[in-house]
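> what shape does this take:
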Amino acid sequence: MENKISLSVILPIKSAKAKDFDELFGKAINSLKEQKVDFEELVIVHTQEETLITVLDNYDFGNINVTKVLWDKEPNYASQINYGVEQAKGTWVSLLEFDDEYSSIWFKNVKQYSESYPDVQMFLPVVVE
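Next up is the predicted model:
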């Protein structure tokens, strides 16, 4: 059993000027770095905001395979997600917002469940607030 899942994480971002963006974005990316199972890619669908582009161009994503996709239309969360899904290479997709984090076992669980239940097409997380 390979320790990788064919999963693309879609991360739509409108602006880096949101309150505490750097801290929250860092936590979101660290939650990807801490996964117990490797994943295909992180697809960042971002606007043309200069501050955001600078942050993304200078950020250390470590070993994460990152695809940055420019969204040059009016920022729209759902449309940016749909565009990211169109660009995704993975069999599975997961959505991440810059101010959210994954549990370190989330991708491991998705891999385990998707292999155990091949007829299921969607898995939803348990969210702890």
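
> what does the longest helix along the chain contact?
Secondary structure of the chain per DSSP state H: the longest helix is helix 21-33. In this structure, residues lying in contact with helix 21-33 by Cβ atoms under 8 Å, 6 or more residues apart in numbering are 9, 11, 15-16, 18, 39, 42, 55, 59, 61-64, 96-104. Backbone N, C-alpha and C define where each C-beta goes, glycine included.

> off-centre distance for that helix?
Centroid displacement of helix 21-33 relative to its chain, using Cα atoms, centre = their mean, to the nearest Å, is 10 Å.

> okay, that helix in CSV with CA atoms only?
Extracted in CSV, the C-alpha atoms of helix 21-33 (Å, rounded to 0.1, in the frame of the first residue of the first chain):
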residue,chain,number,x,y,z
PHE,A,21,-3.5,36.6,6.9
ASP,A,22,0.2,35.6,7.3
GLU,A,23,-0.4,33.7,10.5
LEU,A,24,-3.6,32.0,9.3
PHE,A,25,-2.1,31.1,5.9
GLY,A,26,1.0,29.7,7.6
LYS,A,27,-1.2,27.4,9.8
ALA,A,28,-3.2,26.2,6.8
ILE,A,29,0.0,25.3,4.9
ASN,A,30,1.5,23.7,7.9
SER,A,31,-1.5,21.5,8.2
LEU,A,32,-0.8,20.2,4.7
LYS,A,33,2.9,19.7,5.6
